[in-house]
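Engineer: any chance you could fold what I've pasted below:
(chains A and B)
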Amino acid sequence: MKKVFTKTKGLTDLPFHYCPGCTHGIIHRLVGEVLEELDIMDTTVGVASVGCSAFAMAYFNCDFVQALHGRAAAVASGVKRSLPDHTVFTYQGDGDMAAIGTSHAFHAAARGEKITAIMVNNAIYGMTGGQMAPTTLEGQKTSTSPYGRDCSQMGYPIDFPKALATLPGAVYVAAVSVDSPKNILKAKRALKRAFQVQQAGLGFSLVSFLSTCPTNWGLSPVDSLQWLRDHMMPVYEMGEIKVTEEVKAL
Amino acid sequence: MTKVLMKGNEFIAEAAIRAGCNLFFGYPITPSTEVVEYLAKHFPKAGGTVLQAECEVSAINMCCGAAAAGKRVMTASSGLGISLKQEGLSHAAANQLPIVVVNISRAGPGLGGLGASQADYFQSTKGGGHGDYRLIVLAPSRAQEMYDMTMEAFALADKHRNPVMILAEGFLGQMMEPAELKDPAPAALPAKDWTVGHSAGRAKRFIASYGLTNEQCEANCLVWEEKYRKIRETEQRWEEFHTEDAEYLLVGYGTCGRIAKSVVLKARQQGLKVGLIRPITLWPFPEKAFVPFRNKLKGVLTVELSAGQMVEDVNLALQCSVPSHFYGRQGGVLPSDNELLGQMLKAFQLKLPEGV
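Structural biologist: Numbers count the residues shown, from 1 in each chain, chains lettered A, B, ... in the order given. From the prediction side, this is the model:
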């Protein structure tokens, strides 16, 4: 019988600890597949963040460094400047990157740091139990916005990829979703392109994944995917937000 | 070897280049700025990387990344900037990352002032950030030591896989003095077989300190504690000056150590048996230096540019067995040698011979 699918060598055999229905698992697989397909597992260093993906380092078949909350882009900059021939990526949540780590991600992009940042946006802080994040939508109920996010008091959701796309050093910025097989394929193409941009030394690349959190959203996995489509996709610009001419020419 | 005349900060930068530092991540802040300026000018020509970070927090975390990749790395800052680095220093200690951190200290608390101050002693030696951890802290007192101790700091960091801090008052960073540009001393250092990158042919590894269980966390803490015990046992450094027959001791580090030396000489000219212990490692504190003096002194006077911080360690090292006194100036003010002499005579209830 012909084998049509196998687990990527880019991941270790350790079972994921993620909640049922969480899309971290799919996103991990895509990263692992890209590491394998580009044959860079021996020359890649990942930087883990703080959040649900704090233990991501044990799942990927490449070396990893754990960063403090929000500091992944700074740590990755230090790794990349030390190992310029390596591929260096961060794997961060939206709270990690777009709140406490804003300045580090923003300035890494401004410097055109030759790293790839992966942001997994589930519109809340998942690991600490579903608090409001900078990406929480207007009216969305969380444990720290129990009556819904009131933007007049709590500010507006940040479309972080769009903000980074304004910087000349950010040469490839994409926002993707893994809510359907079609979108998973699109997401993987974007992710691979982001890594190739780094390999070509063109500058900073970012791929933002919309993700679900059934546990903290209080929805079933299937309903969560629909909620993502109905509520997140209209707010956050999707697709390849920025592709410079150099990237197009790759 | 000929001596060159430079600022203390510049000697630190030059020593880093010659010690084989690969990368420097920093952010300008008075009175440490000449370190990053000197490196920006001279380091790239020597093959080094200088990156001005967007903030102090970023700089220390960049250092963590570089150290994890096995490179020699340094950052420098002052007062408030060092406060911002504390989270990263705790993280670096927990992950056993060799990083050299220079604190050209300024007066605090808060914005404080730019003058010479030793009020960062507690922060530097007792932790500073969260959790039980230690930095090795070196306290130079002149330009030559700014140079030598920077070189040594890289070796100590690699030897113990621990962040090392150079703690010097802004006075020492800003003052121009002659010093020799020596080559690094040969050192047999452990192989860096724990770093990330170039992972072909070996199991993948990650550098992390997080413990999922309390037991795992405690096991980590015990590893670090054992390392700190070993450092405490093997790395205590100090200078003694006229202590052989001393009945009274002055204790001071950095600039205070220099001023106290003048006071010892003046007192000796008058036949007063005064000696000096100048701690060189502030952590580990040189307790061994004080052991022979327990119950043997008529008095000890600790002088600091603070409200009294190291004096606590002096009293612990002497087991409170001798009358202990403290004299401090704050906010950037240095005591003159005559002022300190007067304070010493008052504290020890001594009088200079008639006619002096």
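Engineer: next secondary structure after whichever strand or helix holds A:Leu30?
Structural biologist: According to DSSP states H and E, A:Leu30 maps onto helix A:24-37. Using DSSP H and E, the helix or strand that follows helix A:24-37 in sequence is strand A:44-48.
Engineer: so which elements touch the helix or strand that that next one is followed by?
Structural biologist: Using DSSP H and E, the next helix or strand after strand A:44-48 towards the C-terminus is strand A:63-66. Packing partners of strand A:63-66 (3 or more CB pairs under 8 Å, 6 or more residues apart in numbering or on different chains; DSSP states H and E): strand A:44-48, helix B:56-68, strand B:206-207. C-beta coordinates here come from the backbone N, C-alpha and C atoms, glycine included.
Engineer: and strand A:63-66, which strands flank it?
Structural biologist: strand A:44-48 (parallel), strand B:206-207 (parallel) (DSSP bridges).
Engineer: dump the helices and strands packed on strand A:63-66 to TSV, plus mean neighbour count.
Structural biologist: Converted to TSV, the helices and strands packed on strand A:63-66 look like this (neighbours: other CB atoms under 10 Å in any protein chain shown):
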stretch	mean neighbour count
strand A:44-48	29
helix B:56-68	30
strand B:206-207	22
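Engineer: and the ones you listed: which comes nearest A:Ala67?
Structural biologist: strand A:44-48 (5.2 Å; CB to CB).
Engineer: residues contacting the closest one, please?
Structural biologist: Contact with strand A:44-48 is made by A:35, A:54-57, A:60, A:62-67, A:72, A:75-76, A:79, A:83, A:86-91, B:65, B:69, B:196-197, B:206, B:208, as judged by CB atoms under 8 Å, 6 or more residues apart in numbering or on different chains.
Engineer: strands along chain A, start to end?
Structural biologist: A:44-48, A:63-66, A:87-93, A:116-121, A:124-125, A:131-132, A:170-177, A:204-210, A:239-243 (DSSP state E).
Engineer: would JSON lines of these with distance to B:Leu297 and mean pLDDT be doable?
Structural biologist: As requested, the strands of chain A are exported to JSON lines (distance: least, CB to CB, whole Å; pLDDT from 0 to 100):
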{"stretch": "strand A:44-48", "distance to B:Leu297": "53", "mean pLDDT": "98"}
{"stretch": "strand A:63-66", "distance to B:Leu297": "49", "mean pLDDT": "98"}
{"stretch": "strand A:87-93", "distance to B:Leu297": "57", "mean pLDDT": "98"}
{"stretch": "strand A:116-121", "distance to B:Leu297": "60", "mean pLDDT": "98"}
{"stretch": "strand A:124-125", "distance to B:Leu297": "57", "mean pLDDT": "96"}
{"stretch": "strand A:131-132", "distance to B:Leu297": "58", "mean pLDDT": "97"}
{"stretch": "strand A:170-177", "distance to B:Leu297": "65", "mean pLDDT": "98"}
{"stretch": "strand A:204-210", "distance to B:Leu297": "62", "mean pLDDT": "98"}
{"stretch": "strand A:239-243", "distance to B:Leu297": "71", "mean pLDDT": "98"}
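Engineer: with respect to A:Leu185, which of those strands lies nearest?
Structural biologist: The minimum distance between A:Leu185 and these falls on strand A:170-177, with 10.0 Å, by CB to CB.
Engineer: thinking again about what came up before, identify whichever of the helices and strands packed on strand A:63-66 lies nearest to A:Leu228.
Structural biologist: strand A:44-48 (23.9 Å).
Engineer: so the closest one versus strand A:116-121, what angle?
Structural biologist: Put simply, strand A:44-48 runs at 30 degrees to strand A:116-121, going by axes from the mean of the first three to the mean of the last three CA atoms, to 10 degrees.
Engineer: can I get the helices and strands packed on strand A:63-66 in TSV with distance to B:Lys45?
Structural biologist: What follows is these, written out as TSV (distance: least, CB to CB, whole Å):
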stretch	distance to B:Lys45
strand A:44-48	28
helix B:56-68	19
strand B:206-207	31
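Engineer: closest to B:Leu265 out of these?
Structural biologist: Of all these, helix B:56-68 sits nearest to B:Leu265, with 40.3 Å by CB to CB.
Engineer: next helix or strand past that closest one?
Structural biologist: Taking DSSP H and E, what comes next after helix B:56-68 is strand B:73-77.
Engineer: which elements pack onto whichever helix or strand comes after that following strand?
Structural biologist: Sequence order places helix B:79-84 as the next helix or strand after strand B:73-77, per DSSP H and E. Packed against helix B:79-84, as judged by 3+ CB pairs under 8 Å, 6+ apart, are the following elements: helix B:56-68, strand B:100-105, helix B:121-125.
Engineer: tabulate those (JSON lines), appending mean pLDDT and distance to chain A.
Structural biologist: Formatted as JSON lines, those follow (pLDDT from 0 to 100; distance: least, CB to the nearest CB, whole Å):
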{"stretch": "helix B:56-68", "mean pLDDT": "98", "distance to chain A": "3"}
{"stretch": "strand B:100-105", "mean pLDDT": "98", "distance to chain A": "14"}
{"stretch": "helix B:121-125", "mean pLDDT": "98", "distance to chain A": "19"}
